[in-house]
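In: Fold the following for me, if possible:
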Amino acid sequence: MKMNMNMNKIIIGALFCGLGASAFAAERPNFLLIMTDDMGVGQFAPMADQLAESDFDPKFSSFVQRLKKGDAYSGAEALEAARKAMPTMARLADDGLVFNRAFASSALCNPSRVGLASAMHPNRFGIYRNKDITDAPRALPPENILLAHLKKAGYATAHIGKWHLGKLDDDLGDRIRKAHQEQNEKSERRMLDEAGYFGSVPADLHPLNNGFDYYYGYNFHQSVFYNAWNVWDGFEHAGKQTGYNTETFTQKAIDFIDTAKEQGKPFFINLHVHAVHGPLFPNPPTKYMEPFADAPELLKNFYGHLYAVDEGIRRIVEKLEADGQLDNTVIVFTSDNGGSVGSLSCLPGNAPYRGHKGMLLLGGFRVPLFFHWPRGIQEPQQLNQLVSTMDIIPTVIAAAGGKVPADIDGKSLLPQITTGSSEPVRDHFAVGGIHARVWGFHGASSFFAHNESREKAPAGYIVVDNRYILRYVGPIIPDLYKDATEGLPESFEIYDYINDPMEQTNLIHQLPEKTAQLKAIWKKESAAFPAPMKWDLSRWEMMMK
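Out: Got it, this is the predicted structure:
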């Protein structure tokens, strides 16, 4: 599918034509979209309830057993912590609709967030890895920020937390560097930090210029839990953040709910928290670690941060209930990609899948996804259709009464949500990118240099249907990994991920017809994918051949 981006802009502008703000306030649902950062599907309480230690990635379990003295914890202790870390989310999931086969649109955060915001495959924009958008001369075209157009439908709209849809504001950076040359009183890095450069947004991609009424967040891969300098309040730098950012972001969401109520409008809020992206220390406030008082320190820290997110959602839910809005508020919960699981991000990790963020293994892509909407969901249940985080915003548009564009990759899940329909959403999902070890336990001591490993990691792709996953990984160069000093040739693997979620038995010789079918899907779909913005063309061409 090739898309005319200018035509897309025209289509989006007409999505809600003729719908007035007063009608929305009376009838249309509110929306709260909660996205955690680098959270493993196995770390989500409803999933952890279904796991046993035998479901853990054995390589991750082995890695944990080798942690230095004082950091050790058992699988049983990790399961107990994960099961109790998010009681509010577990209750909402039990009362809502859970999609058991949800995939992020990428195993990395930048491309994944592009997929969410645009409901378009990130590869269609030439985005295959983070640097294709953070270091490239062009970013996600603003007209493709599909979710922003809810404002035109009479919604009060807010983005709170991580934005990360493009490069930083280079004009600001140039001004600060010039000031440094003139003053030279502080280091250039410190001046850039204190000016908020490492969270800034260029004007053309700024949320307030793209349909949002309110913005409080950062355009960067992280914003530390305490004392961050990179958060912006609208167009103004917010200064040093002295509080715990999970609490700060939660309170901003609560305040915006009041703002929308005063305006007589329904609301749409993106609440994209920093948790549980690193750095994970310092600890969360003590009160969030109390449920894990008897657990080892790493578990108290990690699951304390998740419990803080859950407590924030509890406060929002109680607020909505008190205001009489909970019944007609759609709460969506997901993560941007598979967990970056390792020394600080704990077991169960991405269980029952192996691998982690940045890898083409299932652990890099599988994410929790549920919808809670008392007025709209007839019966709480779990569904097994193949869905993607690209489907979230089309679902929001449909639930708001708008018309979902036909020429996008995302699909509305409204029929599944409101009727429990078992009809397929899509018959496949295909995405290309890098297969990199650096974002989790697979990378621990296995490569020679972090940056070199990330830049020289092999290219590859996956094609997933409702039962099988085909994975291609390009050649691994010599002297990149300590366990493959002579390099490795390109490879194809295919797994029955329904019966073999850990991807243990490669069926490449048993399933030649299925392999050929999935290869053909990649060849057809990838024909519409442009060259990467900031990537080695030789590796991309190897993947596309």
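In: tell me the centre residue of this protein?
Out: Centre of the chain computed as the mean C-alpha position; nearest residue by CA atoms, centre = their mean is residue 336, 0.8 Å away.
In: Per-residue confidence, that residue, what does it come out as?
Out: With respect to pLDDT, residue 336 has a value of 98.
In: same deal with residue 7?
Out: pLDDT, read off for residue 7, is 36.
In: ok, the residue nearest to the centre of the chain - contacts?
Out: 35-38, 104, 109, 112-113, 116, 272, 367, 389 (CB atoms under 8 Å, 6 or more residues apart in numbering). (Each C-beta comes from the backbone N, C-alpha and C, glycine too.)
In: Okay, and which of those residues map to strands?
Out: 35-36, 272 (DSSP state E).
In: for the stretch 251-400 of the chain, what spans make up the helices?
Out: 286-289, 297-322, 362-365, 392-399 (DSSP state H, counting those that start in this stretch).
In: looking at the ones you listed, which is buried most?
Out: Most buried of the helices of the stretch 251-400 of the chain, by mean neighbour count (mean count of other CB atoms under 10 Å): helix 362-365, with a mean of 29.
In: I'd like the mean pLDDT over that helix, please.
Out: pLDDT averaged over helix 362-365 gives 98.
In: which outside residues touch that helix?
Out: 40, 57, 103-104, 106-107, 337-339, 341, 349-350, 353-358, 431, 462, 469, 497, 501, 503.
In: now swap in stretch 491-499 and tell me
Out: Contacts of stretch 491-499 (CB under 8 Å, 6+ apart): 362, 464, 467-473, 503-508, 511, 514-515, 518-519.
In: neighbours of residue 379, just the number please.
Out: Per other CB atoms under 10 Å, the neighbour tally for residue 379 reads 7.
In: My guess is it contacts residue 419. True?
Out: No - at 9.2 Å, residue 379 and residue 419 do not qualify as touching, with contact defined as CB atoms under 8 Å.
In: At which residues are the strands of the stretch 101-250 of the chain located?
Out: 102-103, 156-162, 214-218, 232-233, 236-237 (DSSP state E, counting those that start in this stretch).
In: Kindly report the same for the stretch 301-450 of the chain.
Out: Using DSSP E, counting those that start in this stretch, strands in the stretch 301-450 of the chain cover 329-335, 369-372, 381-383, 387-388, 429-434.
In: From the contact counts, what lies against the fourth one?
Out: Which is strand 387-388. strand 102-103 (3 or more CB pairs under 8 Å, 6 or more residues apart in numbering; DSSP states H and E).
In: Could you give the average pLDDT over the strand it packs on?
Out: Averaged over strand 102-103, pLDDT sits at 98.
In: So what's the gap between it and the chain middle?
Out: Offset of strand 102-103 from its chain centre (CA atoms, centre = their mean, to the nearest Å): 11 Å.
In: got it, and stretch 462-475?
Out: Worked out by CA atoms, centre = their mean, stretch 462-475 lies 20 Å from the chain centre.
In: in it, what counts as buried?
Out: Buried residues in stretch 462-475, counting neighbours by 16 or more other CB atoms under 10 Å, are found at 462-466, 468-474.
In: shaky segments in the stretch 301-450 of the chain?
Out: Within the stretch 301-450 of the chain, not a single segment meets pLDDT under 70.
In: pLDDT wise, what is residue 143 at?
Out: At residue 143, pLDDT is 83.
In: ok, residue 87 touching residue 45?
Out: Yes - the pair residue 87 and residue 45 passes the contact test of CB under 8 Å, sitting 7.1 Å apart.
In: between the two, who's got more neighbours?
Out: residue 45 (23 against 15).
In: Who are the contact partners of residue 360?
Out: With CB under 8 Å, 6+ apart, residue 360 has these contacts: 107, 433, 435, 460-462, 471, 473.
In: can you list those in CSV and add distance to residue 202?
Out: Below are these laid out as CSV (distance: CB to CB, whole Å):
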residue, distance to residue 202
107, 26
433, 24
435, 31
460, 31
461, 30
462, 32
471, 36
473, 35
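In: quick one: which of the residues you listed is nearest to residue 486?
Out: residue 473 (16.1 Å; CB to CB).
In: my guess is that closest one meets residue 490, correct?
Out: Yes - counting by CB under 8 Å, residue 473 touches residue 490, with 6.6 Å between them.
In: Can you pull the residues that touch both of these two?
Out: residue 458.
In: isn't residue 242 right up against residue 229?
Out: No - counting by CB under 8 Å, residue 242 stays clear of residue 229, with 11.1 Å between them.
In: what about the residue of the chain most remote from its centre, distance to residue 188?
Out: In the chain, the residue that sits farthest from the middle, by CA atoms, centre = their mean, is residue 182; the gap is 40.7 Å. With distances taken as CB to CB, to the nearest Å, residue 182 is found 12 Å from residue 188.
In: Can you check the pLDDT for the closest residue in space to residue 332 that isn't next to it in sequence?
Out: Leaving out its chain neighbours, the residue that sits closest to residue 332 by CB to CB, 6 or more residues apart in numbering is residue 33, at 4.7 Å. Residue 33 is assigned 98 on the pLDDT scale.
In: Which of the three states applies to residue 33?
Out: Here residue 33 is recorded as strand under DSSP: H, G, I helix; E, B strand; the rest coil.
In: In ChimeraX, select just the buried ones from the ones in strands among the contacts of residue 336.
Out: The ChimeraX selection below is limited to those of the ones in strands among the contacts of residue 336 classed as buried (16+ other CB under 10 Å):
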select :35,36,272
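In: closest to residue 332 among the ones in strands among the contacts of residue 336?
Out: Of all these, residue 35 has the smallest distance to residue 332: 8.5 Å, by CB to CB.
In: So what pairs up with that closest one in the strands?
Out: For residue 35, the beta-bridge partners are residue 272, residue 334 (DSSP bridges).
In: residues contacting it?
Out: Per CB under 8 Å, 6+ apart, neighbours of residue 35: 116, 161-162, 270-273, 333-336.
In: of all the residues you listed, which two lie farthest apart?
Out: 162 and 333 (15.2 Å).
In: that older thread, any chance of the ones in strands among the contacts of residue 336 in a markdown table, plus distance to residue 317?
Out: Listed next are these as a markdown table, based on distance: CB to CB, whole Å:
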| residue | distance to residue 317 |
| --- | --- |
| 35 | 17 |
| 36 | 17 |
| 272 | 18 |
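In: With just CA atoms, put stretch 282-297 into CSV.
Out: In CSV, the C-alpha atoms belonging to stretch 282-297 read as follows (Å, rounded to 0.1, in the frame of the first residue of the first chain):
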residue,chain,number,x,y,z
PRO,A,282,17.0,6.4,42.7
ASN,A,283,14.2,4.4,44.3
PRO,A,284,10.6,5.5,44.0
PRO,A,285,9.2,7.2,47.2
THR,A,286,9.2,4.8,50.1
LYS,A,287,5.4,4.4,50.1
TYR,A,288,5.5,2.7,46.7
MET,A,289,7.9,0.1,47.9
GLU,A,290,5.9,-0.9,51.0
PRO,A,291,4.0,-3.7,49.3
PHE,A,292,7.4,-5.3,48.5
ALA,A,293,8.9,-4.7,51.9
ASP,A,294,10.2,-8.3,52.2
ALA,A,295,11.5,-8.5,48.6
PRO,A,296,15.1,-8.1,47.5
GLU,A,297,16.2,-4.5,46.7
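In: Nothing else from me, thank you.
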